[in-house]
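Q: Provided below are the primary sequence and the corresponding predicted coordinates.
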Amino acid sequence: MHDGHLRSAALLAALLVAACGPLSSPAPTSAAPTVPPVAARTPGPPVATAAPAVSGATCSPPGTATCDGQGRPIGRRLALAPGVRLIEDVGLRVVKLSSGGTNGLDVDPATGLVYAVSNSTVGAWCGGPVGTRRDLLMVVDPVEAREVAAVPTVRAPVWSLAAGSGSVVYVAGSDGVIGIHDRASRAQTGSIAVGGLPHDLGYDAASGYLLVSNTHDQSQDYVSVVDTRARSVIAAHRVGGKPHKIVVDPATRRAYVISVANGRISVVDMSTGALERQIDTGGSGTLGAALRSGRAFAPSRPSAAPDTLRVVDLRTGQGTTTTPFLAMGGHPVWGMAVDDAAGLLYASIGDSDLVGVLDVSSLRALAVFRVADCAWGVKLDPERGRGYVTGADEGTVSVFDLRKVSAALGR
């Protein structure tokens, strides 16, 4: 995949939540507890598997130096930061997809179906088995925990968009094309040429404008505004720094796009398609935004504060840093999403099978829990109480219960 997909730049989901003052990370007061080892990089279970067996690998006897208490081979161990706990039961079900190389996903708010894409050009993100990789749009029924459709799509897709887009699903393809799929038949029925190496998508239903990141040419400096009714590009804004993850606030009709190379957020008015301003997060990589606070979240630069997030007030530009998920460096956040009602941010922790949970008011990391290996894209469906994480190498979607997470945290 193109260099916008570097691990250190893995994109997160964006959030805007209730304002609160700067918070500094507490100093460790005791030896950090240890998370059970990362699951071995072996093919995942067929169709669906209950937690905790999220990998097909087993060993014996359990409880030894090379085999953990659940019968999984011991690999690298991840140490939790002080105050962070491991949630054992999140109602996990793992859906095996038709192709490995799974990237982004989206949820149809009307039906609850999940639309994930697989990319034929990606390598092994987490050193796992590559297997057969095809350019597919795959549809998952989370109630039955199974894939219900897999259809060809544009070359090297990265993210899909199903929320608010009417009778179609859009897919960003890295060859400069946006694929258009009929929601009923799932088949690709058209495309829109935008140039560049498209990464993510944001949509405004009132205007019919689609914002596409990483477009126009090979410089990886542009975002483009597409009129979906005319199927044409109406504006291309040079924002710099490999613009990737997009979050749209329907209330203000503003889209926020983060550039992975410099951590700068570009703000686009989706009613007009105009570029309004840019905000420096002090971070790098992906973006997260919550709709209640006017805050944006981005991974901290590893050299400054590994395993934490930078938080920026989108109105003032002032920022602070969250407490860490892990007590060791080298595991950047790859994807983010926020449950506004519960006040929780979910972040996939790079090169692992862990998702971190952060309190968006206190900015404290609270817990982690296991999903399928190589956790990447994150999406939530709070109305149905479900969350989803793609497993990049093996080709999986992990389905977890938001209510179980909230209950485990006493909420």
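A: Nice, thanks for sending it over. Residues are numbered from 1 along each chain as shown.

Q: which residues does R254 contact?
A: Neighbour list for R254: V248, V267, V268, D269, M270, E276 [criterion: Cβ atoms under 8 Å, 6 or more residues apart in numbering]. In short, each C-beta sits where N, CA and C put it, glycine included.

Q: From L113, how far out is the fifth one?
A: Here the distance between M270 and L113 works out to 25 Å (Cβ to Cβ, to the nearest Å).

Q: If you count surrounding residues, which of the two has more?
A: Here M270 and L113 are compared on neighbour count by other Cβ atoms under 10 Å; more neighbours surround M270, at 24 against 21.

Q: Compare the contacts of R254 and tell me which is most surrounded.
A: Counting neighbours by other Cβ under 10 Å, the top entry in those is V268, with 27 neighbours.

Q: low-confidence ranges in the stretch 151-300 of the chain?
A: 290-291 (pLDDT under 70).

Q: quick one: the strands in it?
A: 157-161, 168-173, 177-182, 188-193, 201-204, 209-215, 222-227, 232-238, 243-249, 254-259, 264-269, 274-280, 288-290, 295-299 (DSSP state E, counting those that start in this stretch).

Q: Packing partners of the third one?
A: The helices and strands touching strand 177-182, judged by 3 or more Cβ pairs under 8 Å, 6 or more residues apart in numbering; DSSP states H and E, are strand 168-173, strand 188-193.

Q: Now do the first one against strand 243-249, angle only.
A: Orientation note: strand 168-173 sits at an angle of 160 degrees relative to strand 243-249 (axes from the mean of the first three to the mean of the last three Cα atoms, to 10 degrees).

Q: counting contacts, what elements does strand 168-173 pack onto?
A: Looks like strand 168-173 contacts strand 157-161, strand 177-182, strand 201-204, strand 209-215 (3+ Cβ pairs under 8 Å, 6+ apart).

Q: Quick one: closest of these to D227.
A: strand 209-215 (6.3 Å; Cβ to Cβ).

Q: List the pairing partners of the closest one within its sheet, with orientation.
A: With DSSP bridges as the test, strand 209-215 is paired with strand 201-204 (antiparallel), strand 222-227 (antiparallel).

Q: The last one relative to strand 232-238, how many degrees between them?
A: Right, strand 222-227. Using the same axes, to 10 degrees: strand 222-227 against strand 232-238 is 160 degrees.

Q: for this structure, what spans make up the helices?
A: 402-408 (DSSP state H).

Q: Reformat the strands paired with strand 209-215 as a markdown table; add distance to G317 and mean neighbour count.
A: Putting the strands paired with strand 209-215 into a markdown table (distance: least, Cβ to Cβ, whole Å; neighbours: other Cβ atoms under 10 Å) gives the following:
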| stretch | distance to G317 | mean neighbour count |
| --- | --- | --- |
| strand 201-204 | 21 | 24 |
| strand 222-227 | 20 | 24 |
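
Q: Please convert those strands to CSV, extending it with distance to S167.
A: Compiled in CSV, the strands paired with strand 209-215 are given as follows (distance: least, Cβ to Cβ, whole Å):
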stretch, distance to S167
strand 201-204, 13
strand 222-227, 17
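
Q: For S284, which of those is the nearest?
A: Using Cβ to Cβ as the measure, strand 222-227 is the one of these that comes nearest S284, at 17.8 Å.

Q: Centre of the chain to the closest one, how far?
A: The chain centroid and the centroid of strand 222-227 are separated by 21 Å, computed with Cα atoms, centre = their mean, to the nearest Å.

Q: pull the CA atoms of that strand into CSV?
A: As requested, C-alpha coordinates have been extracted for strand 222-227 and formatted as CSV (Å, rounded to 0.1, in the frame of the first residue of the first chain):
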residue,chain,number,x,y,z
TYR,A,222,-4.8,17.4,-1.3
VAL,A,223,-8.3,16.8,-0.2
SER,A,224,-11.1,17.0,-2.8
VAL,A,225,-14.8,17.9,-2.6
VAL,A,226,-17.0,15.8,-4.9
ASP,A,227,-20.6,16.7,-5.9
